Every structure is written in C-alpha cells, then in structure tokens.
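Peer 1: Build me a model from this:
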Amino acid sequence: MISREDFLLKESVDSLALKSKILPYRMAEKVKDAWLKERFETVLPVVMQRSGIDTWVIACNEYNEDPVLPTITPTAMFTARRLTILVFHLEQDGTVKRLALTRPNVGLDDFYQAVWINQKGSSWCPQPELAETQFECLNRIVTELKSEKIGLNISDHYAFADGLSKSLYDRIYRALSEENRRKITSAEKVAVGWLETRCQSEMDAYGGIVQIAHAIIDEAFSSRVVLPGVTTNADVKYFMLQRVIDLGLQPWFDFEVSIIRRGRGSIYSEEIILPGDILHCDFGLIYLGLYTDTQENAYVLKKGETDAPEYLKKILKDTNRLQDIVCRNFAEGRTGNEILKLSLEQAKAEGLKPCVYTHPIGNHGHAAGTTIGLWDQQDGVEYTGDYPIHDNTAYSLELNCTFDVEQWDTTFSLGLETDILFTKGKTYFLSGRQENYHLIR
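Peer 2: Modelled structure (predicted):
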C-alpha cells in the first residue's frame, strides 16, 4: 500500500511537472504574437486566394467585438479601440497588405500599417485640409487599392463570419462610393478559412496543449482525487475546474463528470461514486489561444479486481473502432455530411450503434469549419455539413456507441472525444487517445 508521505510526494511532483509546461505570461505573449505573424504570411494569403476575395474589411466597436478580431490582432490588444477598422488586401505577388484605420493605434504598429493619419475631429491631424473620418478613409483606401471584391463579415450560416453589426454595415455602405458598394460581398469563406486553418507552429504545439488536458484528466480520474463511497462526481468536476484555474489556464465550458451505473445507466445529478461505476468526463481548456475538448472514462475497481471486466473493455474497444472509421473517411474536399454518411454506414455494417457529432476546434471550442454530424442530426447538417474539409485543420473527434449490456441489465452509450489534426491528407491524434479505462482503486 502506498504511504501517505509517498502519496503527497507524488502529487507534488505531478503538479510541478504540469506547471512547468505552462509559460509565463510574457513568454506566452511572444509565442502567440509570433504565431500571428506566421499566420499572416502562410495562412491568410491561402484563404484569401481560395475565397476569390481580394479585400477583407473587419470593423467593430469596443466591447462589441467581431469574433475574428482577437485572432487577428496582437495579444496586447484585448478589445477593439473605440471603432476599429482593419483592411486586408491580397497583392499581385500573393502577399497580403494589412492596414489599420483606428484610433489610437494601440498594439498594432508591428502588425499593421497605420493609414488613418489625418483624423477628422482629432488633434492627431498633421494635414487638416486632408482630414477625414474613418469611413471616408475606408472608401479612399479601397478605391486606391482598386478592390474588386470587398468582403464584409456578414453571414447567414456562421456566427464567426457574422460579426459586423447592422449599424456599422449601414455606415460603411453610406460612406462607400456607388462603384465600391457594388463590390460588397460576404467574407464568410475568408473568415472561416482564417479561423479553421492552423499554421505550422500551431500544429507543432497543439499536441503538447492537448497533453496538458490529458494530464489533468489522469489526475482527476485517480485514487488521488476519488475515494469511493465518499467522493461525488461533482467533487471531481470541481477539482478539474480548480486545477485549470490554478495552472493559469481557462476552462471554456462548465465541465461535466457523470456516472454510468449498473441498473441505472447514465447519472448526471450529484451522487457518491461507488465501486463498479464508470465515470465519464467532458473537459476542455484554453492555452495559447487554442482550445481542447476531451471525453474519457474511468472504471472504479471493486474489491479483488485489478482491471475492468472484459465486457466493459470490449465496449471501449468498439468505440475506438468507430473513431478509426471516422478518421479514415477524412479526405480533403470531402464534406462533413459525406464523412458522416460513410462513417455511419460502415459502422452499422460492422454491428455498431453509432452516433457521430465531430466538430472543428482551434481558436474556439465549437469552431469554424466542417460539421460532421450533430447528436440530434444524424442525417446530415444543413450548410455547415456541406462545407469541405481543408488541409491543416483540427477537429474534436466526438462520438458515442450505444450498447445493450446484459451483465448490467442496462442500455447505455459510451462517449469518447479526442482532438485530431488533418494535414497532408492524413489524420493524426494530437496526443493519443483513450484505449484503456482509467482505473480507480
């Protein structure tokens, strides 16, 4: 039996090891800003060329920010400044010119060229005879750029691409010349492409971020946290939340820890954990601007047991099989609805009872990109399910299988969720996946 002293020492060592992976704020800021510059050079030109839009305009007021804004400005810029307008123009050489029409130009100098110089109504106006409002400046800029298509963040289908308020749209429209008004179009494909696509440095780091999530689950689903007969599922949930906060990270939703119990199936209300229970968690954190989303399962050993029963191990293995099926149906250009249909047909042909609800992940939890089923829409998802898979994108492989468990006189669904990367035509687990239950002794 492990001694109390050894237990405390192991807990201390594990906590220190996890904390050592978290960068101090200043270093984290440098990492994120370096990623932003890399994304400007490698991601933005690709998605603008793919969209057919040569000029992208982002406009929002302070505290009513466009969802794209935090992903496209440096870390030090927490919010929009008064009215912030950014313009991106795809040049003939394939690079993207980045212009800022905003006051004050806080935190943008190394990332954008300031072009609203003669600010009407401000003491910052070196040439008063050329004074102009931000909207007049915008019309001048898009005219000088000879823009062919002016993309605004307006969309019927993606909230991420619908960040332009009605009042700002009206002011932009009134300020543009008649010729420029005719060039207005939805920037949906640019906004979604920008948000869903990862640069190489982000892809290199993402696995380590997911490792942090897995380490917290490992700790929570262990005898260091769970004392059967005393600890509740809510205790475990709040341990996980507190651990994320103590590490200086952020949860992006209220974690869930449920119990699957013989004769009762899934239990979501707070109850004491007992030997023979399966614990299920849904857990997601934010680090360096990237999100994780993970569901794993633990088995609480009964007296005399050293492992989960074979029939429960087979349930986990069968759910792993569904993961394999979905991953192997990923292909660039294939839509989410096509992947869903192929995966469900194959899984059912193999005798499984599948439910697939895999979603993009990245700068958001339920992120922009291809939707591969929703738990209540297994026949396909309108519009977002028709969006194609693109290279260098990440997904939360979320799904479950339903099982009739004779030994428990119960039918229940076992859910798994792990983060994957699609790059160069292949899918990769960002930090492995669960193939064995966490065991709580």
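
Peer 1: And the helices in this structure?
Peer 2: Per DSSP state H, the chain carries helices over the ranges 4-19, 25-42, 44-51, 69-72, 134-144, 166-175, 178-181, 188-196, 200-220, 233-246, 310-328, 336-349.

Peer 1: In TSV, list the ones you listed along with mean pLDDT.
Peer 2: Output for the helices of the chain, formatted as TSV (pLDDT from 0 to 100):
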stretch	mean pLDDT
helix 4-19	51
helix 25-42	97
helix 44-51	97
helix 69-72	97
helix 134-144	97
helix 166-175	98
helix 178-181	98
helix 188-196	98
helix 200-220	97
helix 233-246	97
helix 310-328	98
helix 336-349	98
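
Peer 1: So for the closest residue to P309 other than its chain neighbours, what pLDDT did the model give?
Peer 2: Of all residues not flanking P309 in the chain, Q407 sits nearest, at 7.2 Å (CB to CB, 6 or more residues apart in numbering). (Glycine included, C-beta is placed from N, CA and C.) Listed pLDDT for Q407 reads 94.

Peer 1: Ok, the one 4 residues further on next?
Peer 2: Note for T411: predicted pLDDT of 93.

Peer 1: these two touch, right, it and D404?
Peer 2: Yes. Contact criterion CB atoms under 8 Å: T411 and D404 qualify, at 5.1 Å.

Peer 1: F221 reaches N436, doesn't it?
Peer 2: No. Using CB under 8 Å, F221 is not in contact with N436, being 11.6 Å away.

Peer 1: ok, the two, which is more surrounded?
Peer 2: The neighbour comparison of F221 against N436 (other CB atoms under 10 Å) goes to F221, with 25 against 13.

Peer 1: Who are the contact partners of that one?
Peer 2: Residues in contact with F221, defined by CB atoms under 8 Å, 6 or more residues apart in numbering, are 236, 279, 281, 296, 298, 438, 440.

Peer 1: Next up, the contacts around the second one.
Peer 2: Taking CB under 8 Å, 6+ apart as the definition of contact, the neighbours of L279 are 221, 226, 233, 236, 257-260, 273, 297-300, 438, 440.

Peer 1: ok, so what distance separates the residue nearest to E270 when sequence neighbours are not counted from L241?
Peer 2: The shortest distance from E270 to any residue other than its chain neighbours is 4.2 Å, reached at A234 (CB to CB, 6+ apart). Noted for A234: a distance of 10 Å to L241, by CB to CB, to the nearest Å.

Peer 1: Who has more neighbours out of these two?
Peer 2: Neighbours per residue, other CB under 10 Å: of A234 and L241, the larger number sits with L241, 17 against 12.

Peer 1: rewinding a little: tell me the most buried of the helices of the chain?
Peer 2: Among the helices of the chain, helix 188-196 has the highest mean neighbour count (mean count of other CB atoms under 10 Å), at a mean of 25.

Peer 1: For that one, name the packing helices and strands.
Peer 2: helix 44-51, helix 69-72 (3 or more CB pairs under 8 Å, 6 or more residues apart in numbering; DSSP states H and E).
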